[in-house]
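Student: From the sequence below, what's the structure:
(one chain, ligands or ions: 1)
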Amino acid sequence: MISDKLQSIWKQLPPGVSLVAVSKFHPVERLMEAYGAGQRIFGENRPQELAAKVPQMPSDVQWHFIGHLQTNKLKLVLPYVSMVQSVDSLRLLQAISGWAVRNGRDIDVLLELHLGAEQTKQGFSEEEILQLVNPSSQLPGIRIRGLMGMASNTDDMAVVEEEFSRIEALFCRIRESGLPAFDQLSIGMSGDWPVAIRHGATMIRIGTDIFGPREY
Ligand SMILES: *Cc1c(COP(=O)(O)O)cnc(C)c1O
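Tutor: Modelled structure (predicted):
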C-alpha cells in the first residue's frame with residue numbers, strides 16, 4: 001500500500017527534511033493514492049508527462065522537475081513547477097532566467113553536482129558551482145536554493161558515503177558564504193536515503209520505495 005510506504009518513510013524523517021515522491025512513469029491514480037495519504041510534493045523527469053499530469057491532479061500539489069531539461073521544453077515545465085532540481089548547464093540556467101524575466105516569475109532551482117565516476121552522468125563540477133553561486137554571477141529571475149546530487153548506482157555504501165560527504169561539504173561551504181535562500185540539499189533515493197539523511201539531506205527523492213517498480 002502506497003499510504004503505508006509513505007507513513008513508514010515520514011516516521012523516519014527528521015524535522016526539516018521533506019519528501020519528494022518521484023512519480024515518473026506511474027499513472028495518475030497511483031499519484032492520487034499518495035495525495036490522499038497526505039503527500040504534496042511530486043517529482044517528474046519528463047516534460048510531456050509532467051504537463052499531462054498537472055491538470056489531472058489537485059492544484060495544491062507542488063511539482064519538482066528532476067530530469068534533464070532541454071531549453072526548448074521550458075514552456076512545458078516552468079509554468080507548473082515550484083522547483084527545477086536538475087539544472088546541469090549554464091546554458092539551461094540562462095534559458096530559465098530568460099523565461100523567468102519574460103514571464104515575471106522567480107524560479108527556484110538547485111544546481112546538480114556531478115557525483116560519481118560515470119562520464120555519462122550530468123551535472124556541474126565543484127569549481128563550476130562555486131563560480132555560479134558567486135554573488136556577481138547571479139542571474140535575474142533565478143533563486144539558487146541549493147544543490148542536488150545522485151550517488152553512483154552501487155551497493156558499495158562506502159562509495160555512496162564518500163560522494164554524499166563531498167556534496168555535503170560543498171553545500172555547507174556555500175551556505176556559510178551567506179548566499180541568500182541557499183538552504184536545500186537534495187540527496188538520497190530509494191537505495192540510499194538513510195545515508196543521505198546522515199549527510200545533511202533536507203530533501204529526499206523517492207520513487208520505487210513508495211510506488212514500487214516503474215514500468216518502462
Ligand atoms: C528516478 C529518480 C529518483 C527516484 O529513484 P528511486 O530509486 O525510484 O527512488 C530520484 N532522483 C532522480 C533524479 C530520479 O531521476
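
Student: For the most centrally placed residue in the chain, give its distance to the ligand.
Tutor: By CA atoms, centre = their mean, the chain has its centre lying nearest to residue 85, at 3.5 Å. Distance of residue 85 to the ligand, given as CB to the nearest ligand atom, to the nearest Å: 7 Å. Where C-beta positions appear, they are placed from N, C-alpha and C, glycine not excepted.

Student: Then residue 186?
Tutor: Taking CB to the nearest ligand atom, one finds residue 186 at 8 Å from the ligand.

Student: same check, this time on residue 154
Tutor: Relative to the ligand, and taking CB to the nearest ligand atom, residue 154 is found at 13 Å.

Student: now swap in residue 142 and tell me
Tutor: Distance of residue 142 to the ligand, given as CB to the nearest ligand atom: 20 Å.

Student: how many other residues sit next to residue 118?
Tutor: Using other CB atoms under 10 Å, residue 118 has 11 other residues around it.

Student: helix, strand or coil for it?
Tutor: Under the three-state scheme (DSSP: H, G, I helix; E, B strand; the rest coil), residue 118 adopts coil.

Student: ok, it - contacts?
Tutor: residue 152 (CB atoms under 8 Å, 6 or more residues apart in numbering).

Student: pLDDT value on it, please?
Tutor: At residue 118, the model reports a pLDDT of 71.

Student: Repeat that for residue 216.
Tutor: 63.

Student: What lies in contact with the lengthiest helix in the chain?
Tutor: Secondary structure of the chain read by DSSP state H shows that its longest helix is helix 157-176. Residues outside helix 157-176 that contact it (CB under 8 Å, 6+ apart) are 113, 115-116, 126, 129-130, 133, 146-147, 149, 151-152, 154, 182-183, 185, 187-188, 192, 195-196, 198-200.

Student: which ones among the residues you listed are found in helices?
Tutor: Going by DSSP H, the helices hold 126, 129, 130, 195, 196, 198 from the contacts of helix 157-176.

Student: which SS class is the residue nearest to the centre of the chain?
Tutor: Here residue 85 is recorded as strand under three-state DSSP.

Student: That one contacts residue 65, correct?
Tutor: Yes. Look at residue 85 against residue 65 with CB atoms under 8 Å: they come within range, at 6.6 Å.

Student: shared neighbours of those two, which are they?
Tutor: In contact with both residue 85 and residue 65: residue 43, using CB under 8 Å, 6+ apart.

Student: where does the chain have low pLDDT?
Tutor: Residues of the chain meeting the criterion pLDDT under 70: 119-120, 216.

Student: Tell me the most packed of the ones in helices among the contacts of helix 157-176, by neighbour count.
Tutor: residue 196 (25 neighbours).

Student: Please look at that residue and residue 202 and confirm they touch.
Tutor: No. Residue 196 is beyond contact range of residue 202, at 9.8 Å (criterion: CB under 8 Å).
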